[in-house]
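> with the sequence up front, the predicted model follows.
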Amino acid sequence: MRSTFKLLYFVKRNAVKKNGNAPIIARITIDQVVAQFNTKLEINPAHWSVKLGKASGRTAEALHINSMPEGIHSTVPQTKWLIYKIEAI
């Protein structure tokens, strides 16, 4: 049986800090089981594209924010592959 898998990034708008930034949260869903964790990244909610799930614009901050989750994004498929491998056994 195959697992469903989804990775989503979003800004926790109800946790805006004094500097005006809000934390970026990653949500992983596998077979309707959800796990969330803080990416340790922050952004002004006005600079976040909900539709795209990343920072909007071409500013240095936006480019930095958009490049950081790539490290997370590259390790998650490895975990997904391990899950599929375990299910095959």
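In hand now; what should we look at? Numbering: from 1, shown residues only.
> roughly how far out does the lengthiest strand in the chain sit from the chain middle?
Ranked by residue count under DSSP state E, the longest strand found in the chain is strand 33-43. Remark: strand 33-43 is offset 6 Å from the chain centroid, using C-alpha atoms, centre = their mean, to the nearest Å.
> which elements pack onto whichever helix or strand comes after that strand?
Proceeding N to C from strand 33-43, the next assigned helix or strand is strand 48-49, under DSSP states H and E. Under the contact criterion of 3 or more C-beta pairs under 8 Å, 6 or more residues apart in numbering; DSSP states H and E, strand 48-49 touches strand 54-55. Backbone N, C-alpha and C define where each C-beta goes, glycine included.
> tell me the strands beside the strand it packs on, with direction?
strand 48-49 (antiparallel) (DSSP bridges).
> buried set for the longest strand of the chain?
For strand 33-43, a neighbour-count test (16 or more other C-beta atoms under 10 Å) marks Leu41, Glu42, Ile43 as buried.
> assumed Pro23 was part of a strand.
Yes. With DSSP: H, G, I helix; E, B strand; the rest coil as the criterion, Pro23 is part of a strand.
> beta partners for it?
Assessed by DSSP bridges, Pro23 has beta-bridge partners Glu42.
> which residues touch His47?
Applying C-beta atoms under 8 Å, 6 or more residues apart in numbering, we find His47 in contact with Ala55, Ser56, Gly57, Thr59, Glu61, Ala62.
> surely Leu41 meets Pro23?
Yes. The pair Leu41 and Pro23 qualifies as a contact (C-beta atoms under 8 Å) at a distance of 7.2 Å.
> that'll do, ta.
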